[in-house]
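*Asks:* the following comprises the amino acid sequence and a computationally predicted model.
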Amino acid sequence: MRMTDPVLVLTKARTPSEMRAVTDWASSTYPDAEVHQLADVDYDALPPQALLVPVRPVWLPAVRQGGERRVSLGDVLVLSNPRRPARLMQPLIQSRRPDSLRVAAGAPATIAELRSRYSRSQAEGEPFGEFVSVQASLSAERAERQIVGDRYKVPRLVAEQISSSARFQSGAAALAATLGRQTDAVMAEATDKLSTFVATQSRLMDDVFSATFNRLHERAWNVSVDVDHLNELRTLNKSTGLIFLPSHRSYVDPLVLAKVLRNNDFPPNLVLGGNNLAFWPVGPVARRAGMIFIRRKFGADPVYKFAMRSYLAYIVEKRFNLEWYIEGGRSRTGKLRQPKLGLLTYVVDAVGQLDDADVTIVPTSIVYDQLHEIGAMAAEDAGGTKKPEGVAWLLRYAKAQRHYLGEARVRFGAPISLRAALADAGDGPARLDKVAFRVMDEINSATPITATSLVGFALLGAQDRAYTLPEIEAILSPLLTYIARRDLPGPDPTLCRGVGLTQTLRVLAGNGVVSCFEGGVEPVWSIVPENRAVAAYYRNGALHHFVDRAIVEVGMLAVAEGEVTHLGDPESHDSLLSASQQEALRIRDLLKFEFFFPPKTEFLHRLGQELDLLAPGWREVTPTQDWTYEVLHGHTGALLARRTLQPFFDAQLVVATRLVQLGSASRDRDDLVADCLGLGKQLSLQNVVRSKDSVSKDLYEGGYQLADNRGLIHGENTDDLPLARQQWLDEVELMRDRLSRIASIEAIQPTIGSEVAR
């Protein structure tokens, strides 16, 4: 730049106080510069080497408790915004707090540099002056974040940037040609639909939203977070956008995660959520605090899909952080639901549109010691109707959140490069499923086991039986040993023994999950019958950690009973091992819609690690019946298969039984699940179904998916359909019989007695 080239300091100062601050800054930094309002410059008339310096006056709120500068709810109630104080108040604020007004200077650029950017990204015919205004605002915004912190990083002028881009306009033209419509009409509709979900964030609303809605969780839980992983993510976020994909267990999940990120100075996530929560007053405030409300289903609206895809491409390109709940809704059973792939598909498309663009997926687990909303979810899972959200619902929810419910834990799985994950998944129709399953497996791996989940695991082993405290400890002790040997993210062991266990039980009793009878010689504890589903919810949150071990136990029993056929030489260790692996894969196939398993090779490797714990030296042993029984009996008290797998095979029993009853007739999913809810309750009352919490809409839907996957719902050949359905029922009965035999081995446990494992 030559000394004679003009320098223009551009600003959007609103008041004399702000303009004076900008002028003072310019006189000391660029003494010969002219100071102009951003909208008052004719950019087309400037020479190519004219230097533009965007600046912004920044007002800082007072320091609040904890050393944070933020807007309080009290400020809003008195109609004051410390980030944009009224003109008459500004001199007074400066006199009291001289550091309250600062000037943020964005990166300068010449007219020539801006014209080069304009030609690369803007559609033909878009005014150059508008482009410069947007670029100056964005540059000043980035400079402002250096003052206020990354937690206030929010996208600005989003709709304007997207709709004026060459990519958006060419995409709209292509869509219009496909639909046989006018390009201008499609452009207008897409731009209008953009405005319905683009988050117009403001720092004020972010502060207000946090101050107001954080009360929904701050009284109920102490929040803990893995700080080491957060530090790693912060480093990653400097070079790539992050997509947080959390487990979904509560309405407050976004609030809990937002508070964790805010406290650690992360930029706020743009949260994609269903428009069922867009009711007043939540919707208007949440939208301006980063919530993007979208339709639950929009597959039949190609213009809406195009607008959403364009929005996500913009977010990926600008490296803003995203968040959505890949399960599509809160878990009704405590375990992860099957992933919904729609939004992930759009992000994949967005990455594909951009050369060398990538995002990093952050599998995120949010787990609570207790949730008051489980009762309602359990009722829905048993066939009840979900009540709509609204103001009255919100007030009831807020009232229930006043009671302390324990700890909320936020943990992160290994970050996943989306491009790398897609490459690993290869081509084919299952490509996106493989990526999603990898994410779900990482969420599960990061999910900590809580003391309440272990108590549920212990007490749900009984059929209408109460336990003494020593009996519960005796069940939990080998489980804690297993957790420690596996180096799983387990609970504080002190909460599972002695005084700590009593405290855990009393907290559950206070919320109606368990009951305590103290009228005898010593207290005994049992699950409250009508709240078995609630106890199962807590238990199910940990079952994925035990499923590999459970499959090994069931497979070993099959070897012991001669149910596994040798492949090749019956004396060969390798042939029997191969047959055992095939049996493990068969069991996995029966459970593939209930748990998220890794690819075959890794799965078998994990089973080998389980065998290393269960039977060290197994690789050098030909597993005879005597050897296998010796191993299983040697771990009496630490066998996990029955407690882990019983609910799922009981649910499959009900679905398979109903299909056999139908002969070759077909039923759609909703009707079949409704049939199964009735049949399941009947078989539970008859004690045919051993796990009463298996009477579950969610589990029956998993059984339906398995049956459909096996061609058992409709079937191409109706003559063979009854036989195929009966064969599945026989297979399920075999698994349940194995679990009964494992229960008979557990019953030998000397420290508790034969009743404990029944």
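*Replies:* Looks like it came in fine. Residues are numbered from 1 along each chain as shown.
*Asks:* per-residue confidence at the residue nearest the centre of the chain?
*Replies:* The chain has residue 246 as the residue nearest its centroid, 1.7 Å off, counting by CA atoms, centre = their mean. At residue 246, the model reports a pLDDT of 96.
*Asks:* helix, strand, or coil at the residue nearest to it when sequence neighbours are not counted?
*Replies:* Excluding its sequence neighbours, the residue lying closest to residue 246 (CB to CB, 6 or more residues apart in numbering) is residue 364, at 3.9 Å. C-beta here means a position set from N, CA and C on the backbone, and glycine is covered the same way. Taken by DSSP: H, G, I helix; E, B strand; the rest coil, the conformation at residue 364 corresponds to strand.
*Asks:* and residue 364, how many neighbours?
*Replies:* 28 (other CB atoms under 10 Å).
*Asks:* what does the one 3 residues further on give?
*Replies:* In terms of burial, residue 367 registers 24 neighbours under the definition other CB under 10 Å.
*Asks:* assign it to helix, strand or coil.
*Replies:* Applying three-state DSSP: residue 367 is strand.
*Asks:* outline the domain layout of the protein.
*Replies:* Domain assignment for the chain by automatic domain parsing gives 7-149, 202-446, 451-533, 547-635, 642-746.
*Asks:* where in the protein is the helix or strand with the lowest mean pLDDT?
*Replies:* Least confident helix or strand, the chain: helix 73-77 with a mean of 51, by mean pLDDT, DSSP states H and E.
*Asks:* next helix or strand past that one?
*Replies:* Downstream of helix 73-77, the first helix or strand assigned by DSSP states H and E is helix 90-96.
*Asks:* grab the CA positions of that next one and hand them over as PDB.
*Replies:* Extracted C-alpha coordinates of helix 90-96, given in PDB (Å, rounded to 0.1, in the frame of the first residue of the first chain):
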ATOM      1  CA  GLN A  90     -24.000   5.900  27.700                       C
ATOM      2  CA  PRO A  91     -22.100   8.900  29.100                       C
ATOM      3  CA  LEU A  92     -23.200   7.900  32.600                       C
ATOM      4  CA  ILE A  93     -22.100   4.300  32.100                       C
ATOM      5  CA  GLN A  94     -18.700   5.500  30.800                       C
ATOM      6  CA  SER A  95     -18.200   7.700  33.800                       C
ATOM      7  CA  ARG A  96     -18.900   4.900  36.200                       C
END
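*Asks:* now do that helix: everything it contacts.
*Replies:* 15, 17, 18, 59, 85, 100, 101 (CB atoms under 8 Å, 6 or more residues apart in numbering).
*Asks:* need those in TSV (columns: distance to residue 742, neighbour count and secondary structure).
*Replies:* TSV is the format used below for the contacts of helix 90-96 (distance: CB to CB, whole Å; neighbours: other CB atoms under 10 Å; DSSP: H, G, I helix; E, B strand; the rest coil):
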residue	distance to residue 742	neighbour count	secondary structure
15	77	17	coil
17	77	19	helix
18	74	21	helix
59	67	19	strand
85	70	21	coil
100	69	18	helix
101	72	18	strand
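*Asks:* in CSV: these, plus pLDDT and distance to residue 234.
*Replies:* Formatted as CSV, the contacts of helix 90-96 follow (pLDDT from 0 to 100; distance: CB to CB, whole Å):
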residue, pLDDT, distance to residue 234
15, 93, 36
17, 93, 36
18, 94, 32
59, 87, 27
85, 85, 32
100, 88, 28
101, 91, 29
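*Asks:* wait, which of those residues is closest to residue 564?
*Replies:* If you rank the contacts of helix 90-96 by distance to residue 564 using CB to CB, residue 59 comes first, at 73.4 Å.
*Asks:* which residues are in contact with the closest one?
*Replies:* 82, 83, 84, 85, 93, 100, 101.
*Asks:* can you list the domains of the chain in a markdown table and add distance to residue 186?
*Replies:* Formatted as a markdown table, the domains of the chain follow (distance: least, CB to CB, whole Å):
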| stretch | distance to residue 186 |
| --- | --- |
| domain 7-149 | 14 |
| domain 202-446 | 6 |
| domain 451-533 | 48 |
| domain 547-635 | 39 |
| domain 642-746 | 36 |
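*Asks:* quick one, which of those domains gets closest to residue 169.
*Replies:* Comparing the domains of the chain by CB to CB, domain 7-149 comes nearest, at 4.3 Å.
*Asks:* nearest to residue 194, of the domains of the chain?
*Replies:* Taking these one by one with CB to CB, domain 202-446 is closest: 4.9 Å.
*Asks:* can you list the low-confidence ranges for the stretch 351-500 of the chain?
*Replies:* Filtered on pLDDT under 70, the stretch 351-500 of the chain yields the residue ranges 462-463.
*Asks:* show me where it has helices.
*Replies:* Ranges of helices within the stretch 351-500 of the chain are 374-381, 391-400, 418-425, 431-446, 451-459, 469-486, 498-510, based on DSSP state H, counting those that start in this stretch.
*Asks:* give the buried residues for the third one.
*Replies:* The one in question is helix 418-425. Judged by neighbour count (16 or more other CB atoms under 10 Å), helix 418-425 contains these buried residues: 418, 419, 421, 422, 425.
*Asks:* pretty sure residue 641 contacts residue 556?
*Replies:* No - counting by CB atoms under 8 Å, residue 641 sits too far from residue 556 to count as a contact (9.4 Å).
*Asks:* okay, now the unreliable bits of the stretch 1-150 of the chain?
*Replies:* Ranges of the stretch 1-150 of the chain meeting pLDDT under 70: 1-4, 64-80, 123, 149-150.
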